[in-house]
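Chemist: Provided below for reference: sequence and predicted model.
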Amino acid sequence: MSILDRYRLDGQVAVVTGGGRGIGEGIAHALSEAGASVVLAARRKDDVERVAADIVAKGGKAIAVPTDVTNSQSLDALAQAAVDTFGKLSIWVNNAGGSTYMGPLTGASPDSWQHCMDTNLTSVWAGTVAAVKRMADGGAVINISSRAARGPVPGSGHYGAAKAAVNSLTETFARELAPRVRVNAIEPAWIPTEVVMNALGIDESGLPDLLEKAKIPAGRFGTPMDIGAAVVYLSAPASEWITGQIWPVTGGL
């Protein structure tokens, strides 16, 4: 196999949660361009159907499966839909996440705390369990964590705690599932998706000021395709000796 062939995903089947927009959309397109069939999952039916249609229009294979990642039965049905449609499941990307609350930890309600944990942490555990049951020939799990997992996050401490736990899950799953299934995580930093800008209360006009404050050594914000490229690598034969790793994709931060 040539070095470039080691980056191909022909014949592979990938599930991407949170695949209807932002980072998930970029990951889905990257996996498709590398040759994988893609199953897109998110709560918003219109979003995942739009991304699936875009992939098919470009010559790829994709389906949309509306999914609530906080429901383990929904995740199990998602994994089965991949097998039923494409005959196998070999790549699972736990990308869905986020938080509806921003503020100090002392101001978080029990419901907002639990929602954050269900969305960002429990979904990773349940999704991985559902996936590996169906990875008969082995496979790869990639968890989208966050640079917020690495230190104090005033205003989003609950989110940072959940992502730190995702890193721990990644390392333990990697040990328990080796060598059949590889498990790695990616920690993005500043990627100004619609969700991020809404959370910060800014629009595109505020990005230059934000970039100046962020002081990113690479000199620019990240893009969804930057994360997509990393996911392709961690899914492909090129990374077959890599498991249990937490990869910062941060522009140097």
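Modeler: All right, it came through fine. Residues are numbered from 1 along each chain as shown.

Chemist: before we move on, which element is the closest residue to residue 133 other than its chain neighbours in?
Modeler: Nearest residue to residue 133, sequence neighbours excluded (C-beta to C-beta, 6 or more residues apart in numbering): residue 79, at 7.2 Å. The C-beta positions use only the backbone N, C-alpha and C, and glycine is treated the same way. Using DSSP states H and E, residue 79 maps to helix 72-86.

Chemist: Please identify the buried residues of that helix?
Modeler: 72, 74, 75, 76, 78, 79, 81, 82, 83, 86 (16 or more other C-beta atoms under 10 Å).

Chemist: The closest residue to the second one other than its chain neighbours: neighbour count?
Modeler: Yep, that's residue 74 we're talking about. Closest residue in space to residue 74, ignoring its immediate chain neighbours: residue 68 at 4.6 Å, by C-beta to C-beta, 6+ apart. Residue 68 has 17 neighbouring residues, counting by other C-beta atoms under 10 Å.

Chemist: Surely the residue nearest to residue 133 touches residue 132?
Modeler: No. Checked against C-beta atoms under 8 Å, the pair residue 79 and residue 132 is beyond contact range at 9.1 Å.

Chemist: that older thread, the next helix or strand after the helix holding residue 79: partners in the sheet, and parallel or antiparallel?
Modeler: Later in the chain than helix 72-86, the nearest helix or strand by DSSP H and E is strand 91-94. Applying DSSP bridges to the sheet, strand 91-94 is found paired with strand 13-17 (parallel), strand 139-144 (parallel).
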